[in-house]
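J.: no sequence on this one, just coordinates:
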């Protein structure tokens, strides 16, 4: 069997809801809808690192972006971003296609278009995604980044299916 050479990088909590802050998980394990689409499409999955898990531990309370937007956490995100981009470059040199990066809406780390600020949702990006986009600009990478919305998995599944179909 031949490899299809298509990969997607996925925010850690999408593949492991156990890494979510206590009370924020929406699934007992992985987000099934995402896994089904990727598995049926034959796309390889690479899990992004989880800076919040390293910084605050497993049984942590939810944080706002303001709580994470500090030099130490940004440096940790940047370290992981550089490792991720190094992985992407290594795959691309071997003619793999990176079809996308999946963030997690409302996350102060992985939010792509929306973040949660206390009890309300606001437009914005998570710290990891901000650092990722900045480093991608520097390297002139053009990889689509889409946000998975756990409150609207149907819409997210449609976006992901479109990404997969157009790759």
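T.: Received the coordinates, thanks. Small disclaimer: the values here were computed from a predicted structure and weren't measured. Numbers count the residues shown, from 1 in each chain.

J.: just checking, residue 44 touches residue 6?
T.: Yes - counting by Cβ atoms under 8 Å, residue 44 touches residue 6, with 6.6 Å between them. For glycine as for every other residue, the C-beta is placed from the backbone atoms N, C-alpha and C.

J.: helix or strand right after the longest strand seen in the chain?
T.: In the chain, taking DSSP state E as the definition, the longest strand is strand 97-104. The helix or strand immediately downstream of strand 97-104 is strand 114-117, counting by DSSP states H and E.

J.: bridging residues for the closest residue to residue 124 other than its chain neighbours?
T.: Nearest non-adjacent residue to residue 124, counting by Cβ to Cβ, 6 or more residues apart in numbering: residue 115, 4.4 Å away. Residue 115 forms beta bridges with residue 106, residue 122, as assigned by DSSP bridges.

J.: burial count for residue 115?
T.: 24 (other Cβ atoms under 10 Å).

J.: make residue 1 into 239 and carry on from there
T.: Okay, using 239 as the starting number, the last item reads as residue 353.

J.: that one reaches residue 367, doesn't it?
T.: No - judged on Cβ under 8 Å, residue 353 makes no contact with residue 367 at a distance of 9.4 Å.

J.: identify the residues contacting residue 282.
T.: The contact partners of residue 282, by Cβ atoms under 8 Å, 6 or more residues apart in numbering, come to 242, 244, 245, 246.

J.: who touches the second one in this structure?
T.: Okay, so that is residue 244. 279, 280, 281, 282, 334, 335, 337, 405.

J.: what do you get if the cut-off is 6 Å, keeping everything else the same?
T.: 281, 335, 337, 405 (Cβ atoms under 6 Å, 6 or more residues apart in numbering).

J.: give me the lowest-pLDDT entry from the residues you listed.
T.: The pLDDT minimum for the contacts of residue 244 sits at residue 405, where the score is 83.

J.: and residue 380, what's its pLDDT?
T.: Reading off the confidence values, residue 380 has pLDDT 90.

J.: and the gap between it and residue 336?
T.: 10 Å (Cβ to Cβ, to the nearest Å).
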